[in-house]
Structure formats: C-alpha cells, structure tokens
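S.K.: Next come a sequence and a model predicted from it.
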Amino acid sequence: MQDDSCDYKAQEDGFSESVNSRSLKIMSWNCQGLGNPLTVQRLRELKKSINPDIIFLSETKKPNEFVLKKFEQLGY
C-alpha cells in the first residue's frame with residue numbers, strides 16, 4: 001500500500017512541487033533557561049492550545065538530557 005499523502009512533482013529546475021500539502025505548525029521560543037518551572041508550565045499550555053508539529057527552543061541553558069526529558073514529558 002502506497003502512502004499518497006505527500007506526493008511531489010519534479011520541476012525542470014530540479015526542485016519539487018508539492019502536489020498534496022498540509023500545513024505545519026512551528027513554534028519557536030527563546031526561553032532563556034528551561035529550569036524555571038513557570039517556563040515549563042507555559043510550554044505545556046502553549047502545546048495544548050497551539051499543538052505545534054515542531055517546537056524550537058533556544059537558550060535553554062540546560063544539558064541535552066534535561067531538555068530531551070522535558071520534550072518527552074510534552075509528548076514529543
């Protein structure tokens with residue numbers, strides 16, 4: 001069974017044109033420290049209300065393991 005949800009048509013310039021498309025919701029936030037419980041609470045609230053497909057966090061000021069744990073808690 002083939003998944004046709006994301007078909008592409010090659011163009012002469014080498015780029016692909018999406019035939020069937022869907023929108024992605026992307027959230028970017030400079031959180032200036034992910035250790036603050038209020039920051040984490042706000043992230044949860046935003047995830048519930050916006051439900052982004054991708055979350056980009058900058059300046060988390062925490063080790064990778066800490067950040068990845070928070071993302072798991074958010075369902076990513």
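M.R.: Arrived safely, thanks for sending. Numbers count the residues shown, from 1 in each chain.

S.K.: CA only for contacts and neighbour counts going forward, please
M.R.: Will do.

S.K.: so what's the spatially closest residue to residue 33 that is not a sequence neighbour up against?
M.R.: Spatial nearest neighbour of residue 33, excluding adjacent residues (Cα to Cα, 6 or more residues apart in numbering): residue 60 at 4.4 Å. Counting by Cα atoms under 8 Å, 6 or more residues apart in numbering, residue 60 touches 30-35, 67.

S.K.: ranking these by neighbours, who comes first?
M.R.: Counting neighbours by other Cα atoms under 10 Å, residue 34 leads the contacts of residue 60 with 20 neighbours.

S.K.: Secondary structure of that one: a strand, I assume?
M.R.: No: going by DSSP: H, G, I helix; E, B strand; the rest coil, the assignment for residue 34 is coil, not a strand.

S.K.: Apart from its chain neighbours, what residue comes closest to it?
M.R.: residue 60 (4.9 Å).

S.K.: State the distance from that neighbour to residue 52.
M.R.: 18 Å (Cα to Cα, to the nearest Å).

S.K.: and what of residue 64?
M.R.: For residue 64 relative to residue 52 (Cα to Cα), the value is 21 Å.

S.K.: swap in residue 58?
M.R.: Relative to residue 52, residue 58 is positioned 16 Å away (Cα to Cα).

S.K.: Report the central residue of the protein.
M.R.: In the chain, the C-alpha nearest the mean C-alpha coordinate belongs to residue 54, at 0.9 Å (Cα atoms, centre = their mean).

S.K.: quick one, what contacts that one?
M.R.: 24-27.
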